[in-house]
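Participant: Only the shape, not the letters, is given here:
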């Protein structure tokens, strides 16, 4: 190539490079925003919160079909509390958690109720891989003086909150030892949580795997959850929720409720729980409401459920956390509840408990094909004020259903 050709090629490369700068400046190119490029150290001791927020701001402001915030593998980043707010310029923002994000000790929280929150984002993916981990360092909360000073464990923060968001996927990362709930979905819609792992000791208080409230069109699928709280808790204002393919244990249950505390009017409807394995949990398929509450829990199904050594496999309890059953006090109406193909073993003799209010608020309970045994004798069902029917083989026999 002659001198003229070299100069021409050089000018062409320079022009292309300059055009790339202009395109990026105009926000027309997708980008990856690595937290290390914004000052994150990833040494496990330096506070990297500002770097994460700055990287989020850059990714959220980048225009294009998508933008990514990268948390690289092989590093441990001390972060939080932090709020990542939208709306964002791109149609989808992707957070790739390939490394470990570690929570600060309790003294650094200043009363915040969450560790990390995604707020008002439309089109969000938070994903990881075999190395992606959120470490909430919950042990410093569960049995410490910090909890005693705050009064109770409910003052402990939730690890990851999705609030007021639409079109969200959380997938393929792990969360361990959350101070309280691992993941909470609130006031959001079109949310899919899949291939997640949440772990905490069986006696860690209220470390729910996933909690859902005031949200609709939420799916929790193909995940493993072992905690000290509910594996999945479905709270007030939840509609069209699917829980499918969960392995739960240790923990409490997949629960609907609790609803109606202090006389509140609350509702939950169109809940589908299926293909769940409960292993050594304190409950299994559970619905719980408070005395004196108002509203309803309706159109709820539990299908293809397997219990292994579960304390209380099937429960409807309208006297949740209230030992004083006041007659005719009223209750959240529980109706159109369907149980199909439930089987396994109960740790205690009473395998089914339908304990309902005298106000006649448990109706249309349908039980089809249930076989839950007690290894050391005859299994029993406790049935109080529930109305409904059974079909197929049902053991133990439920005396107050037709």
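Facilitator: Right, received. Where do you want to start? These numbers were taken from a predicted model, which means no experiment stands behind them.

Participant: contacting residues around stretch 38-45?
Facilitator: 35-36, 48, 50-52, 54-55, 58, 72, 75-78, 99, 102 (C-beta atoms under 8 Å, 6 or more residues apart in numbering). All C-beta spots, glycine's among them, are computed from the backbone N, C-alpha and C.

Participant: Counting only strands, which of those residues make the cut?
Facilitator: Of the contacts of stretch 38-45, the ones assigned to strands by DSSP state E are 76-78, 102.

Participant: how about the residues you listed in a markdown table, adding distance to residue 293, neighbour count and pLDDT?
Facilitator: Below are these laid out as a markdown table (distance: C-beta to C-beta, whole Å; neighbours: other C-beta atoms under 10 Å; pLDDT from 0 to 100):
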| residue | distance to residue 293 | neighbour count | pLDDT |
| --- | --- | --- | --- |
| 76 | 44 | 17 | 98 |
| 77 | 43 | 25 | 98 |
| 78 | 42 | 23 | 98 |
| 102 | 39 | 18 | 98 |
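
Participant: Specify which member of those is nearest to residue 65.
Facilitator: residue 77 (27.1 Å; C-beta to C-beta).

Participant: check contacts around the closest residue to the closest one other than its chain neighbours.
Facilitator: Excluding its sequence neighbours, the residue lying closest to residue 77 (C-beta to C-beta, 6 or more residues apart in numbering) is residue 48, at 4.6 Å. Contact analysis of residue 48 by C-beta under 8 Å, 6+ apart lists 35, 39-42, 77-79.

Participant: swap the cut-off to 10 Å and go again
Facilitator: Residues near residue 48 by C-beta atoms under 10 Å, 6 or more residues apart in numbering: 35-36, 38-42, 55, 71, 75-80, 82, 101-102.

Participant: of the ones in strands among the contacts of stretch 38-45, closest to residue 87?
Facilitator: For the ones in strands among the contacts of stretch 38-45, the residue nearest residue 87 by C-beta to C-beta is residue 77; the value is 25.3 Å.

Participant: Enumerate the beta-bridge partners assigned to the nearest residue to residue 209 once chain neighbours are set aside.
Facilitator: Leaving aside its sequence neighbours, residue 209 sits nearest to residue 225 (C-beta to C-beta, 6+ apart; 3.5 Å). For residue 225, the beta-bridge partners are residue 198, residue 248 (DSSP bridges).

Participant: so how far is residue 35 from residue 225?
Facilitator: To residue 35, residue 225 is 28 Å away according to C-beta to C-beta, to the nearest Å.

Participant: on that earlier part again, okay, the ones in strands among the contacts of stretch 38-45 in a markdown table with distance to residue 119 next?
Facilitator: Compiled in a markdown table, the ones in strands among the contacts of stretch 38-45 are given as follows (distance: C-beta to C-beta, whole Å):
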| residue | distance to residue 119 |
| --- | --- |
| 76 | 25 |
| 77 | 20 |
| 78 | 22 |
| 102 | 22 |
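
Participant: ok so, going back, can you tell me how far the residue nearest to residue 209 is from residue 289?
Facilitator: From residue 225 over to residue 289 (counting by C-beta to C-beta), the distance is 23 Å.

Participant: same question, residue 244
Facilitator: Counting by C-beta to C-beta, the gap from residue 244 to residue 289 is 24 Å.

Participant: I'd like the distance from stretch 175-182 to the chain centre, please.
Facilitator: 10 Å (C-alpha atoms, centre = their mean, to the nearest Å).

Participant: By neighbour count, which bits of it are buried? Give me those.
Facilitator: Neighbour counts over stretch 175-182 (16 or more other C-beta atoms under 10 Å) mark 175-182 as buried.

Participant: same deal with stretch 375-391?
Facilitator: 379-388, 390.

Participant: which residues does the nearest residue to residue 186 once chain neighbours are set aside bridge with?
Facilitator: Spatial nearest neighbour of residue 186, chain neighbours left out: residue 163 (4.8 Å); criterion: C-beta to C-beta, 6+ apart. Partner residues in beta bridges with residue 163, using DSSP bridges, are residue 119, residue 186.

Participant: Residue 235 against residue 186, yeah?
Facilitator: Yes. Shown here, residue 235 and residue 186 form a contact pair, counting by C-beta atoms under 10 Å, at 8.8 Å.

Participant: Settle it for me: which of those two has more neighbours?
Facilitator: Neighbour totals were compared for residue 235 and residue 186, and residue 235 leads with 22 against 19 (other C-beta atoms under 10 Å).

Participant: sorry, back to before: any of the contacts of residue 48 buried? List them.
Facilitator: For the contacts of residue 48, a burial check counting by 16+ other C-beta under 10 Å picks out 35-36, 38, 40-42, 55, 71, 75-80, 82, 101-102.

Participant: what about the longest strand in this protein?
Facilitator: Looking across the chain with DSSP E, the single longest strand is strand 294-310.

Participant: Give the other helices and strands that that strand contacts.
Facilitator: Helices and strands touching strand 294-310, by 3 or more C-beta pairs under 10 Å, 6 or more residues apart in numbering; DSSP states H and E, are strand 238-248, strand 254-259, strand 265-279, strand 283-289, strand 312-317, strand 333-346, strand 362-373.

Participant: just how off-centre is that strand within its chain?
Facilitator: Distance, centroid of strand 294-310 to centroid of chain: 17 Å (C-alpha atoms, centre = their mean).
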